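*Asks:* Next comes the sequence, and after it the predicted model I'd like to discuss.
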Amino acid sequence: MAEVSAAPPLPVSPLASLSWSIPGLREDPTMCVRCRSAQLLCGKPVCPILVKYHAFERTLPLVGGAELSGSSPPGVFVGRYGYPKVSFGPLLSPEHGSTELLDSPEDWVGRSVAEVVSFRTGLVRGTAPIRVTDAERPIRLLEDLQLLGIAAESAESEARFRRPPRGHLALSDSTPPFGPSAPIERFRLDVRRVDPNLDRLASDTAASARIAVGELYERGVRVSRIQRAFSVGTLGRRGHRRLVPTRWSITAVDDLLSKQNLERVRGLPELAEIEVHRLTALDNRWLIVFLPGAYRYESIEAWYPNTLWNPNPTNLVIMGDHEGHDGRTTYASIGGCYYAARLATSEALLARGRQAGVLVLREVHPGEILPLGVWNVREYVRAALTRPAERLATLADLAATIGATFAIPVARWLAASAVLHEARTQRRLDEWLVPDPARPGSGTN
C-alpha cells in the first residue's frame with residue numbers, strides 16, 4: 001500500500017539539497033521508502049541518501065593506531081554483502097569497564113538521536129571473511145565471537161588490526177549505527193560470565209532455532225541478546241546452525257517471537273471497546289489502536305517531505321501493510337519495522353489478556369535525520385503501550401483522535417488503512433444475532 005500527495009507545510013530540513021538527484025524517484029516517489037538502502041532500487045552502487053548524511057556528519061573519533069584495548073558491550077556484527085560468504089567481527093569500545101549501554105537498545109528509549117549516535121560512533125568493528133555454514137566448524141575468531149554472543153556482561157578485549165580503523169558512521173534502517181572498521185589480525189577476549197539461559201540453549205543441539213528463540217524469550221532474555229546469539233550461529237539443531245547477517249537476524253527474531261505470541265493471542269477473549277495509546281518521540285508521532293473483535297494487524301508509516309527516506313521536497317508518502325486473523329505469508333513491504341511493531345503489540349495483547357484488531361500509525365517528521373535501526377520502532381511502541389489507554393466509544397471518536405494526533409488530515413489515514421476500512425464497512429456477526437427470550441443468557445453482552 002502506498003500513497004503520495006502534497007503535504008501540509010512543516011519546517012524544511014537543512015539537508016534538502018538532494019531532492020530529485022536520485023534516478024527514478026520522480027517517476028516513483030515511494031521508491032526510497034520501499035528500499036531504505038536495502039535493495040538499491042535506484043540502480044546506484046551505494047545509497048545516495050546515506051551518502052548525503054555521511055557528508056554532513058561530524059568527524060568520528062578514530063583509533064590512533066592498529067591496536068585497540070577496551071571492552072566489548074558485548075557486541076558482534078555479521079554483514080550480508082556477498083552472502084553466503086560474509087564479513088563478521090566484534091564491536092569494540094576503547095573504554096574499559098561496563099560498556100553494555102552501547103549495544104542495549106532496550107535502554108535507549110528517551111535518549112536523543114545525538115546520544116544514540118554517540119553511543120555507537122566509538123564502537124570499532126573488526127572484520128574478517130567467513131562462510132555462514134562455518135558456524136559449526138568455527139575458526140578461533142568465530143569461537144570467540146560465539147562466546148561473546150552469549151556473554152552476560154561487557155568483556156575485556158584486545159585487538160590488532162591490519163591497518164588503523166577508518167571509515168564513516170555505518171547507517172542502516174535495520175541495525176543500530178556503528179563507527180569505523182578495519183580487518184582484524186589478532187583478537188583476545190576475556191569473557192568472565194555468560195548468560196546461563198543462552199549458554200544452555202547454545203549447548204542444546206536438538207532444539208530448533210525457533211524453539212530456542214521462543215524458550216529464551218519466555219525465560220525473560222532480552223530480545224537484543226537473543227538476536228545477537230541467533231546471528232552468530234549458536235542456536236538451532238546440529239547440522240542446521242548458520243551465521244545470520246545482523247540485519248536479517250533482527251527481523252527474523254521479531255517475526256518468530258510475534259508469531260509465537262499470536263498463537264496464544266488468537267485464543268483470548270475479544271476486546272470490547274476501542275483503546276488508543278499515544279506517544280511523541282524522536283520527532284515521530286505514534287498512535288497505537290486496539291479495535292474490538294478478532295485479531296488483525298496493520299502498520300502504516302507516513303513520511304513527511306525531506307525526511308530520511310522521503311527526499312521529495314513537497315510530497316509526503318504513506319505506506320503500510322496489513323494481515324488478517326491468520327497472519328501473512330509474504331514479506332511486508334515496509335520491512336523490519338512491521339515485525340518490530342507486531343512483536344510489541346502482541347506482547348501488550350497477551351498482557352491485556354485480549355485479542356483485538358491492531359493498528360499502528362507512525363508519522364515521521366523531519367527531525368528524524370538518521371536511520372537508527374528498527375529497535376526504535378519496537379521499543380517506542382512498547383513505551384507507548386505502557387501509557388494508560390484512552391478508551392473511545394465509537395469509530396467517530398477514533399477519527400477525531402487521529403485528527404488531533406497527526407498533522408496529516410484524518411481523511412488520508414482513513415483512506416490508507418485496510419483495517420479501518422473493514423471496521424467502518426463490515427458488520428460483525430454478533431450484530432445479527434437476535435436474543436432468544438426463552439433462553440436465559442442468550443444474546444450479546
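*Replies:* Ah, there it is.
*Asks:* Show me the domain layout of this protein.
*Replies:* Under the assignment automatic domain parsing, the domains of the chain span 1-56+272-445, 67-257.
*Asks:* per-residue confidence averaged over the first one?
*Replies:* Just to be clear, that refers to domain 1-56+272-445. On average, the pLDDT along domain 1-56+272-445 is 80.
*Asks:* Give me the pLDDT for the nearest residue to Arg166 once chain neighbours are set aside.
*Replies:* Spatial nearest neighbour of Arg166, excluding adjacent residues (CB to CB, 6 or more residues apart in numbering): Pro180 at 5.3 Å. Placement of C-beta: from N, CA and C, glycine included. Model confidence at Pro180, given as pLDDT, is 83.
*Asks:* how near is Pro180 to Pro94?
*Replies:* Applying CB to CB, to the nearest Å, the value for Pro180 to Pro94 is 11 Å.
*Asks:* for the domains of the chain, which one ends up most surrounded?
*Replies:* domain 67-257 (a mean of 19; mean count of other CB atoms under 10 Å).
*Asks:* Distance from that domain to the middle of the chain?
*Replies:* Here domain 67-257 is found 16 Å from its chain centre; the criterion is CA atoms, centre = their mean, to the nearest Å.
*Asks:* mind listing the strands for the stretch 251-400 of the chain?
*Replies:* Secondary structure of the stretch 251-400 of the chain by DSSP state E, counting those that start in this stretch: the strands cover 274-281, 284-291, 296-303, 315-323, 357-364, 390-392.
*Asks:* Equivalent analysis for the stretch 101-250 of the chain, please.
*Replies:* Using DSSP E, counting those that start in this stretch, the strands of the stretch 101-250 of the chain run over 124-131, 155-161, 181-190.
*Asks:* Isn't Arg166 up against Ala182?
*Replies:* Yes: at 6.9 Å, Arg166 counts as touching Ala182 under the criterion of CB atoms under 8 Å.
*Asks:* backbone phi and psi for the residue nearest to Arg166, please?
*Replies:* phi -70, psi 160 (degrees, to the nearest 10).
*Asks:* how near is it to Thr121?
*Replies:* 9 Å.
*Asks:* Just want the most central residue of the chain.
*Replies:* Centroid-nearest residue in the chain: Val374, 2.2 Å away (criterion: CA atoms, centre = their mean).
*Asks:* Could you verify my assumption that that residue touches Thr251?
*Replies:* Yes: counting by CB under 8 Å, Val374 touches Thr251, with 7.1 Å between them.
*Asks:* Need the overlap of contacts for these two.
*Replies:* 174, 335-336, 339-340 (CB atoms under 8 Å, 6 or more residues apart in numbering).
*Asks:* Which two of those residues have the greatest separation?
*Replies:* Across the shared contacts of Val374 and Thr251, no pair lies farther apart than Ser174 and Tyr339, at 10.6 Å, counting by CB to CB.
*Asks:* what do those two both touch?
*Replies:* 251, 374.
*Asks:* possible to save the shared contacts of Val374 and Thr251 as CSV with distance to Glu158?
*Replies:* Shown next, in CSV, are those (distance: CB to CB, whole Å):
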residue, distance to Glu158
Ser174, 30
Gly335, 37
Gly336, 34
Tyr339, 37
Ala340, 35
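*Asks:* Go through the residues you listed and say which is closest to Asp204.
*Replies:* For these, the nearest to Asp204 is Tyr339 (25.2 Å; CB to CB).
*Asks:* check contacts around that closest one.
*Replies:* Tyr339 touches 251, 254-255, 258, 332, 374, counting by CB under 8 Å, 6+ apart.
*Asks:* how about those, which pair is most distant?
*Replies:* Maximum pairwise distance in the contacts of Tyr339, criterion CB to CB, is 12.6 Å, between Ser258 and Val374.
*Asks:* I'd guessed Ser231 sits against Leu243; true?
*Replies:* Yes: if you go by CB under 8 Å, Ser231 and Leu243 touch, sitting 7.0 Å apart.
*Asks:* which neighbours do those two share?
*Replies:* With CB under 8 Å, 6+ apart as the test, Ser231 and Leu243 both reach Val78.
*Asks:* In terms of secondary structure, what does the lengthiest helix in the chain contact?
*Replies:* Using DSSP state H to define each element, the chain has its longest helix at helix 246-265. Here helix 246-265 touches strand 76-78, helix 209-218, helix 223-231, helix 336-352, going by 3 or more CB pairs under 8 Å, 6 or more residues apart in numbering; DSSP states H and E.
*Asks:* Just checking: what are the partner strands of the first one?
*Replies:* Pointing back at strand 76-78 there. strand 85-92 (antiparallel) (DSSP bridges).
*Asks:* and the nearest residue to His322 once chain neighbours are set aside, what are its bridge partners?
*Replies:* Residue nearest to His322 in three dimensions, not counting chain neighbours: Glu298, with 3.6 Å by CB to CB, 6+ apart. In this structure, Glu298 bridges to His322, Leu359 when assessed by DSSP bridges.
*Asks:* Could you pull out the helices in the stretch 51-200 of the chain for me?
*Replies:* Counting by DSSP state H, counting those that start in this stretch, the stretch 51-200 of the chain has these helices, from start to end: 113-121, 140-149, 196-203.
*Asks:* Extract the C-alpha set from the last one and format it as PDB.
*Replies:* Output of helix 196-203 as PDB, limited to C-alpha atoms (Å, rounded to 0.1, in the frame of the first residue of the first chain):
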ATOM      1  CA  PRO A 196      23.100 -19.200  31.700                       C
ATOM      2  CA  ASN A 197      20.000 -19.300  29.500                       C
ATOM      3  CA  LEU A 198      21.900 -18.500  26.300                       C
ATOM      4  CA  ASP A 199      24.700 -21.000  27.300                       C
ATOM      5  CA  ARG A 200      22.200 -23.800  27.900                       C
ATOM      6  CA  LEU A 201      20.400 -23.300  24.500                       C
ATOM      7  CA  ALA A 202      23.800 -22.900  22.800                       C
ATOM      8  CA  SER A 203      24.600 -26.400  24.100                       C
END
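*Asks:* ok, and what's touching that helix?
*Replies:* Defining contact as CB under 8 Å, 6+ apart, one finds that helix 196-203 is touched by 146, 149-150, 152, 207, 212, 215-216, 219, 221, 225, 229, 234-235.
*Asks:* That helix versus helix 209-218: what angle between them?
*Replies:* Calculated by axes from the mean of the first three to the mean of the last three CA atoms, to 10 degrees, helix 196-203 forms an angle of 170 degrees with helix 209-218.
*Asks:* Backbone dihedrals for Leu414, please?
*Replies:* Here is the backbone geometry of Leu414 (degrees, to the nearest 10): phi -60, psi -40.
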